[in-house]
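Peer 1: Let's see this in three dimensions:
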Amino acid sequence: MKTIRLTMAQALLKFLDQQYLSVDGVETKFVNGVMGIFGHGNVTGIGEALERDSGELVFIQGKNEQGMVHAATAFAKQSNRQRIFACTTSIGPGALNMVTAAATATVNRIPVLLLPGDNFACRQPDPVLQQLEMPHDYTISATDAFKPVSRYWDRIVRPEQLVTSMLQAMRVLTDPSETGAVTIALPQDVQAEAYDYPAAFFEKRVHTMDRRPPAAEAVERAAAFIAQRKKPLLVVGGGVHYAGAIQELLDFAAEFQIPVAETQAGKSAISWEHPLSVGAVGTTGTLAANKLAAQADVIIGVGTRYSDFTTASKSAFQHPDVSFVNVNVNAYDAIKMDAVSVVADAKKALIALSEALRLEGYRSQYETSFIEELRKEWNEEVDRLYSINLDEGLSQTRALGVINAFLNPTDVIVCAAGSLPGDLHRVWRTSAPKSYHMEYGFSCMGYEVSGAFGAALAAPDRDVYAMTGDGSYIMLHSELVTSLQEGTKMTVLLFDNHGYQCIHNLQRGHGSDGFGNEFRFRSAETGLLKGDYMPIDFAAHARSMGVKAYTATTAEQLAEALKQAKQETISTLIEIKVVPGTNTDGYESWWRVDVPEVSTSAKVREARAEMQAHLQSVKPL
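Peer 2: Prediction:
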C-alpha cells in the first residue's frame with residue numbers, strides 16, 4: 001500500500017482540499033478554505049500546514065472566533081449548503097468563542113467544520129496555558145462544550161484516527177437531513193505528529209447528495225388526505241431553497257390554486273407580486289397569511305421545522321379540524337404538528353405529490369377574489385407603513401421603504417436579531433430567490449455583519465447589505481475589518497434606535513414600565529438607566545476602521561447615502577437614525593412569553609390574564 005508521511009495537520013488539509021460535492025450531476029469543490037485565528041494551540045500545527053502547503057484552500061484571517069464562524073455559516077447558507085469553510089482556533093477561550101456560532105449553524109441546519117485546538121494528548125506540560133482542568137474527569141477539556149451544539153464531534157488523540165474521523169465528518173456535513181456544526185478537536189501535539197497515511201485517503205472524493213425519493217405509500221397517504229380538504233395553505237421553509245425546489249413549489253401552488261406563506265428561512269422562494277403569495281406567516285406574519293392560517297383546514301409544510309414564530313406559539317391555526325401534511329428530508333421535522341409526513345427531498349416530493357393530486361382532480365376551493373382581496377389589503381398596508389412621516393424623525397418602516405425601493409431585486413439583505421427581522425419578514429418585498437438571508441433559527445445577535453461578509457464571499461456578483469440594529473453592531477462587528485482585508489465589499493445599514501428596542505417593546509407589552517434595555521446614561525436622581533440617550537457616532541467608529549461611512553436622519557438623506565454607498569468600492573456603513581418603537585407589530589398574531597403569576601404590578605397581572613386567555617386557543621399538538 002502506498003503511503004504519504006505527513007503531520008496530522010498537513011494530512012487534514014490535504015484531505016479537505018480533495019473533497020467535492022455532486023448535486024444533480026453538477027460537481028462543486030466542497031471545502032472552499034479555512035478561516036482562522038492563530039494561538040499557541042494551532043499556530044505551529046495547522047498554522048504551519050496552511051503556510052507551507054494549503055493547496056487550493058483559501059485562508060482568511062478572522063478577527064473574532066464567533067464572527068468568523070458566523071461568516072462561514074452564512075457562506076454555506078448562501079451557497080445552499082453546497083460549499084463550506086472550516087474554522088480553526090487555539091485552545092481555551094479561542095475555542096469556546098466558537099460555541100455560540102456552532103449552535104447557530106446547527107439550529108439552522110447549516111454545515112460548518114470547526115477545528116479547535118485542544119490540550120496536549122501526551123499531558124507532559126499539563127496544565128498548559130488556557131487548559132481547563134476538571135479534577136473529577138481528566139479527559140474533559142474546553143472542547144467538550146461543543147458536544148451539545150455539534151451534529152458530530154470527535155477528538156483526534158492519535159494521528160491515524162484522522163482517517164476514520166474525517167470520513168464521518170464528511171458524511172454529516174454533506175447530509176441534507178443531518179448537517180450542522182461538525183467539531184473535530186485537535187490536541188496541539190497531535191497536530192504536529194507524523195504518520196504514514198494511505199495515499200488513497202488523499203485522492204479526490206466526490207460526495208453525492210442523492211435526492212431522497214418519497215415512498216409511494218407516503219405520497220398516496222398525503223394526496224388522499226389533502227384531497228379531502230378545501231382550504232389548504234402552503235408554508236414554505238428553508239428546505240425549498242436548499243433542495244432547489246422553487247420552480248416545483250410555484251408549479252404546485254399554481255396548479256392546485258394554493259396560497260403560499262413563507263417562514264423566515266423560506267422567504268424569497270416566491271415573489272411578492274405572485275398572485276398566490278400571501279407573505280410571512282406567524283408571529284411576524286402578514287395579515288393576509290395569518291387570516292388564511294386561521295381558516296385553513298390543512299397546512300402543507302415544505303422544508304420547515306415549525307418554530308414557534310412560524311406557528312405563533314401554535315395559535316395560528318384555528319380551524320377546528322386543521323391538520324398538517326409535512327414534506328421534509330428530515331424525519332424529525334416531518335412529523336412535527338402531528339403531521340402526515342412525506343420524508344423526502346422537496347423537489348422530488350412536490351413532483352410526486354402533484355402527480356397524485358392531479359389524479360384526484362384536486363383544486364382548492366378558494367374564491368380567486370378572496371385571495372386577491374387579502375393581498376390588496378396587505379399591500380396597501382405595506383405602502384402605508386413605507387410612507388409614514390413623523391415629526392420627531394425617521395420611522396423604521398419608512399427607512400425600510402426607502403431601502404427596498406432603491407435595492408436591485410438580486411441584491412442580498414442579511415439580518416438576524418432585534419426588531420428588524422419582524423419588519424423585514426412582514427414588509428420587505430422580495431422578487432428574486434436567495435435575496436433574503438435571515439438567520440432566525442437562533443436569532444443570534446452579531447450574526448449580521450459577519451453573515452454579510454460570508455454571504456458576499458459566496459455571491460461576489462451580488463451586492464450584499466447587512467441590516468443590523470445598534471445593539472447587534474456593538475456586540476459584534478469585527479469582520480468588517482476582514483471584509484476590507486479581503487477586498488470583499490458589503491454595505492452595513494445600521495439602524496440606531498438607542499438600544500435593545502425589540503426587547504424593550506416586548507417588555508412593556510407584558511406589564512413592565514421599561515427596564516434595562518435602552519442605551520441611556522444612569523440617572524443621578526433615580527439610580528436607574530433613565531438619563532439621556534448615549535450619543536454614539538457609529539459612522540465615525542466605522543471610519544476609524546477604514547470603512548466608508550454616511551449618516552442619515554431623513555428619508556432624503558438615506559436615499560442619497562444609498563446612492564453614494566452603491567458607488568463605493570469598499571465596505572460601507574450607513575448610520576440610520578430611527579425613532580424608537582416605530583417597528584411593526586400584531587396583525588392577528590401572538591407569541592408566548594410567560595408573565596409572572598404573582599406581581600405587585602396591576603399591569604403585569606393584567607398581562608398574565610391575557611396570556612392565559614391566549615393559551616385557551618392553542619392547539620395541543
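Peer 1: C-alpha from now on. contacts and neighbour counts both.
Peer 2: Will do.
Peer 1: now the strands for the stretch 501-621 of the chain?
Peer 2: Along the stretch 501-621 of the chain, counting by DSSP state E, counting those that start in this stretch, strands occupy 548-552, 572-577.
Peer 1: For the residue lying closest to residue 122 once chain neighbours are set aside, grab phi and psi.
Peer 2: Here the nearest residue to residue 122 in space, its sequence neighbours aside, is residue 189; by CA to CA, 6 or more residues apart in numbering that works out to 7.5 Å. Main-chain torsions, residue 189, degrees, to the nearest 10: phi -70, psi -40.
Peer 1: Report the contact partners of residue 189.
Peer 2: By CA atoms under 8 Å, 6 or more residues apart in numbering, the contact list for residue 189 reads 45, 120-122.
Peer 1: pLDDT wise, what is it at?
Peer 2: pLDDT for residue 189: 96.
Peer 1: And it, how far from residue 95?
Peer 2: Remark: distance between residue 189 and residue 95 (CA to CA, to the nearest Å) = 16 Å.
Peer 1: sorry, back to before: could you say which of the strands of the stretch 501-621 of the chain is packed most deeply?
Peer 2: strand 572-577 (a mean of 25; mean count of other CA atoms under 10 Å).
Peer 1: angle of that one against strand 548-552?
Peer 2: 20 degrees (axes from the mean of the first three to the mean of the last three CA atoms, to 10 degrees).
Peer 1: Domain ranges for this protein, per the record?
Peer 2: 3-208, 216-374, 387-498+534-577 (automatic domain parsing).
Peer 1: Can I get these in JSON lines including distance to residue 517?
Peer 2: Below are those laid out as JSON lines (distance: least, CA to CA, whole Å):
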{"stretch": "domain 3-208", "distance to residue 517": "22"}
{"stretch": "domain 216-374", "distance to residue 517": "21"}
{"stretch": "domain 387-498+534-577", "distance to residue 517": "9"}
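Peer 1: Of all these, which one is nearest residue 518?
Peer 2: domain 387-498+534-577 (5.9 Å; CA to CA).
Peer 1: can you give me how far the closest one is from the chain middle?
Peer 2: 16 Å (CA atoms, centre = their mean, to the nearest Å).
Peer 1: For the least confident helix or strand in the chain by mean pLDDT, could you pull out the residues that count as buried?
Peer 2: Taking mean pLDDT, DSSP states H and E as the measure, the chain has helix 501-508 as its least confident helix or strand, at a mean of 78. Within helix 501-508, the residues scored as buried using 16 or more other CA atoms under 10 Å are 501-505, 507.
Peer 1: Can you name the residues in contact with that helix?
Peer 2: Here helix 501-508 has contacts from 418-419, 513-515, 517-518, 580-581, using CA under 8 Å, 6+ apart.
Peer 1: quick check: mean pLDDT across stretch 253-268?
Peer 2: Per-residue scores along stretch 253-268 average to 98.
Peer 1: Sorry, slip of the keys, the one I care about is stretch 488-498.
Peer 2: Mean per-residue pLDDT for stretch 488-498: 96.
Peer 1: What of stretch 201-208?
Peer 2: Mean pLDDT, computed over stretch 201-208, is 98.
Peer 1: For it, which outside residues touch it?
Peer 2: 11, 14-15, 18-23, 27, 163, 174.
Peer 1: now do 6 Å
Peer 2: By CA atoms under 6 Å, 6 or more residues apart in numbering, the residues outside stretch 201-208 that reach it are 15, 18-22.
Peer 1: do the same with stretch 312-325
Peer 2: 282-283, 293-295, 297-300, 339-341, 590-592, 618-619.
Peer 1: Just the ones of those residues in helices?
Peer 2: Judged by DSSP state H, these include 293-295 as members of helices.
Peer 1: Drop anything exposed from these.
Peer 2: 293-295.
Peer 1: Compile those into a markdown table and extend it with columns for distance to residue 394 and pLDDT.
Peer 2: Converted to a markdown table, these look like this (distance: CA to CA, whole Å; pLDDT from 0 to 100):
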| residue | distance to residue 394 | pLDDT |
| --- | --- | --- |
| 293 | 33 | 96 |
| 294 | 34 | 96 |
| 295 | 37 | 96 |
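Peer 1: between the residues you listed, which is nearest residue 488?
Peer 2: residue 293 (41.4 Å).
Peer 1: okay, the closest residue to that closest one other than its chain neighbours: pLDDT?
Peer 2: Leaving aside its sequence neighbours, residue 293 sits nearest to residue 317 (CA to CA, 6+ apart; 5.3 Å). Looking at residue 317, its pLDDT is 94.
Peer 1: any idea which element residue 317 lies in?
Peer 2: Assigned by DSSP states H and E, residue 317 falls within no helix or strand.
Peer 1: Residue 304 versus that one, what's the distance?
Peer 2: Residue 317 sits 16 Å away from residue 304, going by CA to CA.
Peer 1: likewise residue 214?
Peer 2: Counting by CA to CA - residue 214 and residue 304 are separated by 17 Å.
Peer 1: between the two, who's got more neighbours?
Peer 2: residue 304 (27 against 23; other CA atoms under 10 Å).
Peer 1: how about that one, what does it touch?
Peer 2: Neighbours of residue 304 in contact, by CA under 6 Å, 6+ apart: residue 237.
Peer 1: Phi, psi for it please.
Peer 2: Taking degrees, to the nearest 10 as the convention, residue 304 sits at phi -120, psi 150.
Peer 1: what do you get for residue 236?
Peer 2: Dihedral angles (degrees, to the nearest 10) for residue 236: phi -100, psi 130.
Peer 1: isn't it right next to residue 300, touching?
Peer 2: No - when contacts are counted by CA atoms under 6 Å, residue 236 is not listed as touching residue 300 (8.4 Å).
Peer 1: which of these two has more neighbours?
Peer 2: For residue 236 and residue 300, the more surrounded residue by other CA under 10 Å is residue 236, and the numbers stand at 30 against 24.
Peer 1: Show the contacting residues for the more buried one.
Peer 2: Contacts of residue 236 by CA under 6 Å, 6+ apart are 262, 266, 302.
Peer 1: swap in residue 523?
Peer 2: Here residue 523 is in contact with 529-531 (CA under 6 Å, 6+ apart).
Peer 1: Turn those residues into CSV, including pLDDT and neighbour count.
Peer 2: Formatted as CSV, the contacts of residue 523 follow (pLDDT from 0 to 100; neighbours: other CA atoms under 10 Å):
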residue, pLDDT, neighbour count
529, 91, 17
530, 89, 18
531, 89, 16
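Peer 1: from these, which is closest to residue 596?
Peer 2: Nearest to residue 596 among the contacts of residue 523, with distances taken as CA to CA, is residue 529, at 22.9 Å.
Peer 1: how deep is the closest residue to that closest one other than its chain neighbours tucked in, by neighbour count?
Peer 2: The shortest distance from residue 529 to any non-neighbouring residue, by CA to CA, 6+ apart, is to residue 522 (4.2 Å). Residue 522: 14 surrounding residues under other CA under 10 Å.
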